[in-house]
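Undergrad: Below are the sequence and a predicted model; questions follow.
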Amino acid sequence: MSHPTAIMPGSGLVLGVHIGHDRSAALVKNGRLIAHIAQERLDRVKMSSGSGIPFRAVTAALAQTGYTIHDVDAVGFTFENCVVDRLAAWFEEQLACYYDLPKITTIPVSHHVAHAWSAFALSGFRRCAVLVCDGAGDFIKLEGQDSPSGMEGESLFLAEGDRLELCERRLQSFLHDIYDRPFLYNASQMPDVFAKESVSIGRKYEQFTYFIGFGYEQNGKTMGLASYGRPLVDTRRWPVADFGYSLTLSDILREIEEVAAAASMSIGAFLRLHRADAASTVQRFTEEALLGLARYTKRVLGEPKLCMSGGVFLNCIANHKIAQTGLFTELFAMPACGDEGHAVGAAFAVNVMMKGRSTKPTNLASSVSDLQSPDSEIPPVLPYSGLSYDRSNIEAAIARNNLTHEWLDDDALAEEVAAMIEKGQTIGVLRGRSEMGPRALGHRSILADPRSPLMKDHLNARVKFRESFRPYAPMVLAEYAADMFDLARPSPFMLFACDVRPEYKDLLPAVTHVDGTARVQTIDAEEPFLRALLMAFYRRTGIAVLLNTSFNLAGEPIVETPEDAIRAFLACGLDALVLEGAVITKAGVDSQHVTQIA
């Protein structure tokens, strides 16, 4: 990462921007995150990819906090699959032209450095190891070489205070856009020139996602399907014990094609019967590989605490297996550990270059009373650092859609929503600042009864319009989590999947996956309304759990605005919608909207 030797102090405000897929913007003030928003939430394009600066996200983050671009001291930016330093002049020119600025300091931040800072800075740890695993990062030019030697695959850092030290790194071959090049994920079509090219753990998972028929960045579907199958080959044939492991583009795929040939079947016919088994194969490999890197990290660095970032760590099953080893006394998985969180990492990376900043990384839940921000009276709490909407915004959206509603205070609202869910109704919820990351955590969620054996199929078919094998997650009061789930540690960001305890599997069928696991979200005192809602449901049912899934329809980003929420509500089988304190039911939808729903 190149940067000026010094940046003069100013307002203490740093802007982070990520370009590529999952474009986003973030603001860090005096060493603390005060806003983050993904462009997809605003332009409504899933993963919002492109080489352009996400100006809507930048402007929205500034507006949320009451700042303008003129208050920004410096801008950190990241890209993907490039030599990011070469883009500095272009980025600065684009930003200055858009906002009509005479000059602004812009600093490129490398891909894995941004991943590492995004996790470390939000973890609250003073010192820790940081493991970064993703599909691919930046092009890396090794010392003494004129051209890049490969692309980032996995990286290991030691972080302490303001220091982030790269300890080890594995590079992979230059491979772009596997998803639209079938000869890169079908071994039978793979030219020899590609077959032996090295790939990362994350790239192998992506490759299998396309191999079994899913689309771009649909690795979550592969993880969900994997639980329905069994590995087709012994994945221990490709051990990962350190950063020198060997993994090529044809590995594992070639062996599966040999299994198909032994059964006298074409690979297409074989996959139609064994699609879930193929998914299970790469899932098993990934779990074993990440466990291998975790053990290596502990062995070489000896640190008791570990931060995990990069899109591979959205694999909540693998994360929990790392937690179960007991290797680390504390784990922190960044809630936006994919590229969406890069803007956060870029902002923190630049923040540590500035003079007069806070020197201790802090969790978002920490006090931010020292901020002199227009938004400082209502600090964000991890991971709710997005946008919020006041009553006037909500009333206007309701009026534009000709809906009737009722306003309730929080206590009455918790009781009303709990009562509706107990009756089997499904509720869309938009409250407070939106969550960072791809998983809704109660502020942009659909909530339902986890006890219903029919709820999963109902949600998939009539509400979310997605594949029948996709699982749903439980939201649980933290103090009751251990009673129902074999959870190794708190899981506030839904990044650890564990076994449901045997006595609760039949009681919680809607959130128990086919393999007996659940991707748990624990709710503590930081979320008073969600706690009140869970307690209200507990008083009614004896179960301190709700089904929680993201408030979106298939193929769409999670809803961001009241208008987004109303649009989704009217287009699916949800029974009610909560916008802050406003409750809208389908009984309050006029005949024109009823026709649209039908």
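TA: Cool, got the structure.

Undergrad: burial measure for residue 348, as a count.
TA: When neighbours are counted by other C-beta atoms under 10 Å, residue 348 registers 30. From N, CA and C alone the C-beta is placed, and that goes for glycine too.

Undergrad: My read is that it contacts residue 28, right?
TA: Yes. Counting by C-beta atoms under 8 Å, residue 348 does reach residue 28; the two are 5.8 Å apart.

Undergrad: can you give me the strands for the stretch 301-450 of the chain?
TA: Remark: strands assigned in the stretch 301-450 of the chain by DSSP state E, counting those that start in this stretch are 305-309, 330-333, 406-407, 427-430, 444-448.

Undergrad: okay, those strands in a markdown table with mean neighbour count and distance to residue 474 next?
TA: Putting the strands of the stretch 301-450 of the chain into a markdown table (neighbours: other C-beta atoms under 10 Å; distance: least, C-beta to C-beta, whole Å) gives the following:
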| stretch | mean neighbour count | distance to residue 474 |
| --- | --- | --- |
| strand 305-309 | 27 | 22 |
| strand 330-333 | 22 | 18 |
| strand 406-407 | 14 | 28 |
| strand 427-430 | 26 | 16 |
| strand 444-448 | 27 | 11 |
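
Undergrad: Those strands into CSV, with extra columns for mean pLDDT?
TA: Putting the strands of the stretch 301-450 of the chain into CSV (pLDDT from 0 to 100) gives the following:
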stretch, mean pLDDT
strand 305-309, 98
strand 330-333, 96
strand 406-407, 96
strand 427-430, 98
strand 444-448, 98
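
Undergrad: quick one: which of those is nearest residue 457?
TA: Residue 457 sits nearest to strand 444-448 of all the strands of the stretch 301-450 of the chain, at 11.8 Å, using C-beta to C-beta.

Undergrad: Could you spell out the sheet neighbours of that closest one, each with its direction?
TA: strand 427-430 (antiparallel), strand 545-550 (antiparallel) (DSSP bridges).

Undergrad: what's the closest of those to residue 145?
TA: strand 545-550 (43.7 Å).

Undergrad: Now the closest one: average pLDDT?
TA: Averaged across strand 545-550, pLDDT comes to 98.

Undergrad: And stretch 36-46, by the same measure?
TA: 96.

Undergrad: Would you map the helices across the stretch 201-350 of the chain?
TA: Counting by DSSP state H, counting those that start in this stretch, the stretch 201-350 of the chain has helices at residues 201-211, 219-226, 253-262, 267-301, 316-324, 342-351.

Undergrad: could I have stretch 289-297 exported to PDB, CA atoms only?
TA: In PDB, the C-alpha atoms belonging to stretch 289-297 read as follows (Å, rounded to 0.1, in the frame of the first residue of the first chain):
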ATOM      1  CA  ALA A 289      -8.700 -26.300   4.500                       C
ATOM      2  CA  LEU A 290      -9.700 -23.400   6.800                       C
ATOM      3  CA  LEU A 291      -9.100 -25.600   9.800                       C
ATOM      4  CA  GLY A 292      -5.600 -26.300   8.500                       C
ATOM      5  CA  LEU A 293      -4.900 -22.600   8.100                       C
ATOM      6  CA  ALA A 294      -6.300 -21.800  11.500                       C
ATOM      7  CA  ARG A 295      -4.000 -24.400  13.100                       C
ATOM      8  CA  TYR A 296      -1.000 -23.100  11.200                       C
ATOM      9  CA  THR A 297      -1.800 -19.600  12.300                       C
END
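
Undergrad: Let me have the strands of the stretch 301-450 of the chain in JSON lines, adding distance to residue 11 as columns.
TA: Putting the strands of the stretch 301-450 of the chain into JSON lines (distance: least, C-beta to C-beta, whole Å) gives the following:
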{"stretch": "strand 305-309", "distance to residue 11": "28"}
{"stretch": "strand 330-333", "distance to residue 11": "29"}
{"stretch": "strand 406-407", "distance to residue 11": "38"}
{"stretch": "strand 427-430", "distance to residue 11": "31"}
{"stretch": "strand 444-448", "distance to residue 11": "30"}
